[in-house]
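Engineer: Next one to model:
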Amino acid sequence: MRLLLLGGTGFVGRVVAEEALARGWEVTALNRGKQPAPGGVRVLTGDRTAPDGLAALGTGEWDAVVDTWSWAPAAVRDSARLLNGRVGHYAYVSSRSVYDYPLVAGAGEAAPVVASSPDLTGEVPYAEAKRGAELALEAEFGGRALLARAGLIIGPHEDIGRLPWWLNRIAEGGPVLAPGPRDLALQYIDVRDLAAWLLDASAARLGGPYNLVGPSGHATMGELLEACVRATGSDAELRWTDPERILAAGVEPWTELPIWLAPGELYDFLHNGSVERALGAGLRCRPVAETVESTWAWLRSIGGSAPQRSDRVRVGLDREREAALLRG
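Structural biologist: Residues are numbered from 1 along each chain as shown. Model (predicted):
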């Protein structure tokens with residue numbers, strides 16, 4: 001397979017490149033060249049926000065494209081128009097954020113989505129940006145466009161810092177604020193499982209929307225944090241705390257306490273979606289312990305500090321605020 005990656009050096013794109021190379025695929029990546037691509041990738045330089053940013057793609061043919069773009073959808077529109085007729089399949093890493101909020105628990109791909117346009121430029125809200133890109137691909141590629149609506153993505157190379165924050169905090173040891181309930185079901189996907197499914201789906205020419213995240217309850221909050229304790233070898237003591245007490249203290253779920261959400265509308269939106277379609281199309285999810293152990297090994301290999309995307313806020317709870325909550 002000849003794969004074109006639009007991106008290929010960041011979190012998801014990098015792991016897709018590594019997985020494709022491991023399969024013996026020929027991989028070309030277009031990006032700005034600000035980070036090195038995995039060895040073996042043929043790199044083309046281009047900035048998709050510039051007037052001539054796609055010039056390097058003026059010639060060439062590929063079996064499949066994987067696109068991880070997250071900003072103004074006009075960039076996806078332009079690449080789709082340029083590549084139509086020269087690629088056999090176009091997979092786009094979209095997001096479950098495209099669904100209209102609030103979302104009924106267990107909702108699938110037929111749920112209502114936000115309004116958007118493929119022609120939007122400049123600063124565009126995340127949900128509208130992803131949905132606009134979907135519309136652009138549907139217009140150009142129809143059934144040859146795969147819309148992979150990813151949920152929470154964790155694993156090695158994470159550049160938002162959710163699982164890395166928990167690992168580093170637990171590695172420090174001592175009492176750790178553990179947001180309850182302990183058996184709270186989580187919905188996430190290991191980036192390597194996401195990459196493997198994307199490439200399988202590209203080879204099979206799957207089209208249309210898929211909620212691309214593991215089943216809700218594949219792991220619980222307790223299983224995730226206990227796996228962090230084991231992986232780091234820490235003496236950390238997880239102190240499980242009721243959601244009501246955490247919220248009353250003004251702690252922000254998802255950002256100050258990454259991954260975690262208190263039960264309610266937002267929890268249902270992000271941790272309780274249907275993934276039957278993706279599972280039926282071959283999605284397989286590894287155990288949470290494997291995700292945690294691999295992420296910890298990667299963190300140690302780079303000195304413990306995870307890279308940080310400039311367009312996302314830093315996550316994690318201030319130690320003084322945590323201590324105050326633990327004192328009760």
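Engineer: And the strands in the stretch 101-250 of the chain?
Structural biologist: Counting by DSSP state E, counting those that start in this stretch, the stretch 101-250 of the chain has these strands, from start to end: 145-150, 152-154, 175-179, 185-186, 188-190, 208-212, 219-220, 237-241.
Engineer: wait, what's in contact with the residue lying closest to residue 33 once chain neighbours are set aside?
Structural biologist: In space, not counting the residues next to it along the chain, residue 33 is nearest to residue 45; the distance is 4.6 Å by Cβ to Cβ, 6 or more residues apart in numbering. In this view, the C-beta of every residue, glycine as well, is placed from N, C-alpha and C. Residue 45 sits next to 30-33, 56 when contact means Cβ atoms under 8 Å, 6 or more residues apart in numbering.
Engineer: Which of those has the largest number of neighbours?
Structural biologist: Neighbour counts for these were taken using other Cβ atoms under 10 Å; the highest belongs to residue 30, which has 24 neighbours.
Engineer: Which strand residues bridge that one?
Structural biologist: When bridges are taken as DSSP bridges, the partners of residue 30 come out as residue 6, residue 44.
Engineer: I'd like to know how far it sits from residue 46.
Structural biologist: To residue 46, residue 30 is 5 Å away according to Cβ to Cβ, to the nearest Å.
Engineer: so what's in contact with those two at the same time?
Structural biologist: 54, 56-57.
Engineer: Secondary structure added to those, as TSV?
Structural biologist: Putting these into TSV (DSSP: H, G, I helix; E, B strand; the rest coil) gives the following:
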residue	secondary structure
54	coil
56	helix
57	helix
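Engineer: which one of those residues sits closest to residue 78?
Structural biologist: For residue 78, the closest of these turns out to be residue 54, at 6.3 Å, with distances computed as Cβ to Cβ.
Engineer: pretty sure that closest one is touching residue 80, no?
Structural biologist: No. No contact is recorded between residue 54 and residue 80 when judged using Cβ atoms under 8 Å, the distance being 10.7 Å.
Engineer: which of these two has more neighbours?
Structural biologist: Relative neighbour count places residue 80 above the other of residue 54 and residue 80, with 23 against 20, counting by other Cβ under 10 Å.
Engineer: For that one, which non-adjacent residue is spatially closest?
Structural biologist: Ranked by Cβ to Cβ, 6+ apart and with sequence neighbours excluded, the top spatial neighbour of residue 80 is residue 140, at 4.0 Å.
Engineer: re earlier: closest to residue 135 among the contacts of residue 45?
Structural biologist: Nearest to residue 135 among the contacts of residue 45, counting by Cβ to Cβ, is residue 30 at 21.7 Å.
Engineer: Give the full set of residues in contact with the closest one.
Structural biologist: The neighbours of residue 30, taking Cβ under 8 Å, 6+ apart as the test, are 4-8, 44-46, 48, 54, 56-57.
Engineer: Give the bridge partners for residue 175, please.
Structural biologist: Going by DSSP bridges, residue 175 is paired in beta bridges with residue 237.
Engineer: Can you give me the neighbour number for the closest residue to residue 318 other than its chain neighbours?
Structural biologist: Nearest-residue entry for residue 318: residue 256, 7.7 Å, with adjacent residues in sequence omitted and distances by Cβ to Cβ, 6+ apart. The local packing of residue 256 (other Cβ under 10 Å) involves 20 other residues.
Engineer: Report whether the expected contact of residue 256 with residue 315 is present.
Structural biologist: Yes. Between residue 256 and residue 315 a contact is recorded at 7.2 Å, counting by Cβ under 8 Å.
Engineer: right, and the strands of the stretch 101-250 of the chain - which one's nearest residue 270?
Structural biologist: If you check each of the strands of the stretch 101-250 of the chain against residue 270 by Cβ to Cβ, strand 152-154 wins as the nearest, at 6.7 Å.
Engineer: Show me what the closest one is packed against.
Structural biologist: Under the contact definition 3 or more Cβ pairs under 8 Å, 6 or more residues apart in numbering; DSSP states H and E, strand 152-154 sits against helix 162-172, strand 188-190, helix 191-203.
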